[in-house]
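> output the structure for:
(one chain, ligands or ions: 1)
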Amino acid sequence: MFFVECNIAFCGYSNFYFIEIGCLNLIEFKSVSKVYEDTHTKALSDLNIRIEDGEFVFVVGASGAGKSTFLKLMMREEVPTSGSVNINGYNLNGLKKRDIPYFRRTLGIVFQDFRLIPSMNVYDNIAYAMRVIGSREVEIRKRVPYLLGLVGLNSKARSFPNQLSGGEQQRVALARALANNASMIIADEPTGNIDPRMSYDIVNLLNHINSDGTTVIMVTHDYHLVKTFNHRVITIKNGKVASDYPDASHIDVEPYRFDTPEDEVGTYYSDDTTVDFDYLMKTYGVETIESDNPFVDIPTEPKNYPLTSDSYSVFGEEGSE
Ligand code: ADP
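Next up is the predicted model:
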């Protein structure tokens, strides 16, 4: 069994006492150092960071500063050489291998290169994240349309990744990251491959998701975005926290100013990237694929999975029967 730390608070009210139990959804790095043994590189050095539940934090820093290592430790892809990492109530140092997938399900991960499965349409890319952890179809049929609405892509449910713009693909990836009710989104340069207007829309969405209570940690190089959304900014330099400000007032660049929503125009990507399937599965919280899992076989050719009649009515399309 994995161990989840919980805080217990006693609240007095009149003559009654209520017991409130809440799990600690925070991120705590205590004196963390990470040395990659093969190259003897000290990527992180005595790093101390605490992020509270519900915060939105930008992580910035030059290439090689240690940002990805910080994220990898958060996802329990790497373990610290010394120091401790606590995330969402899990002590990652002592986490048993068999409990890692359950821990990862508390995270939603968004990548710079989207990592959508090219042979699946938008609906199924999102549904797949739920299917692989065994969600029931009845739940999937409710949740996927809700998520599509959240990211403004109801009309694209049947489109394939190569029929979408970069910004649209990233919105699908964001919906997928939210599919399993993650309490925390980790976004590794999610706007690195899209233009400023679409980048703004993506972070705007993250901002809305955050205002509903989801913690967001976003690595970025785009200081205009950091300035625009004005959240806490942690700068990592040579594996240490070089600065940690509650907002972006110290950053001397212009914020983006996009007053009106704009229909996406421009580049439509022909997505010929190969997906690192095993890695993607890990980010869903699936360590190994059960041989009897019906969704293991990823079709190599695009295939429209039949949407149910429920789904059709949600999408305002004609029924299948
Ligand atoms: P950033 O994300 O800020 O660019 P990284 O965390 O990727 O920084 O890298 C920090 C340092 O650790 C760099 O010197 C990099 O070369 C090194 N490094 C990163 N990953 C590995 C690895 N798997 N093996 C060896 N060295 C690594």
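
> contacts only, for T235.
59-61, 241-244 (C-beta atoms under 8 Å, 6 or more residues apart in numbering). Where C-beta positions appear, they are placed from N, C-alpha and C, glycine not excepted.

> can you put those residues in CSV and add pLDDT, neighbour count and distance to E137?
Putting the contacts of T235 into CSV (pLDDT from 0 to 100; neighbours: other C-beta atoms under 10 Å; distance: C-beta to C-beta, whole Å) gives the following:
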residue, pLDDT, neighbour count, distance to E137
V59, 98, 27, 37
V60, 98, 22, 42
G61, 96, 21, 43
V241, 97, 19, 45
A242, 97, 14, 49
S243, 97, 12, 48
D244, 98, 14, 45
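
> near the ligand, list only the ones from those.
Contacts with the ligand within the contacts of T235, counted by C-beta under 6 Å from any ligand atom: G61.

> between the contacts of T235, which is nearest the ligand?
Proximity of the contacts of T235 to the ligand (C-beta to the nearest ligand atom) peaks at G61, which lies at 5.4 Å.

> what's near enough to touch the closest one?
67, 235-237, 242.

> what residues does the protein put near the ligand?
So far as C-beta under 6 Å from any ligand atom goes, the chain lies against the ligand at 36, 38-39, 41, 43, 61, 63-69.

> ok so, going back, dump the contacts of G61 to a markdown table, plus secondary structure.
Converted to a markdown table, the contacts of G61 look like this (DSSP: H, G, I helix; E, B strand; the rest coil):
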| residue | secondary structure |
| --- | --- |
| K67 | helix |
| T235 | strand |
| I236 | strand |
| K237 | strand |
| A242 | strand |
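
> need those in TSV (columns: distance to I217).
Below are these laid out as TSV (distance: C-beta to C-beta, whole Å):
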residue	distance to I217
K67	10
T235	14
I236	12
K237	18
A242	17
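
> closest to the ligand among these?
Distances from the ligand to those, taken by C-beta to the nearest ligand atom, are shortest for K67, at 3.6 Å.

> run a quick neighbour tally on that closest one.
24 (other C-beta atoms under 10 Å).

> isn't it up against V219?
Yes: contact status for K67 versus V219: in contact at 4.9 Å, counting by C-beta atoms under 8 Å.

> now for those two: what residues contact both?
59-60.

> greatest separation within the contacts of G61: which pair is it?
Greatest spatial distance in the contacts of G61: K67 and A242, 11.7 Å, computed using C-beta to C-beta.
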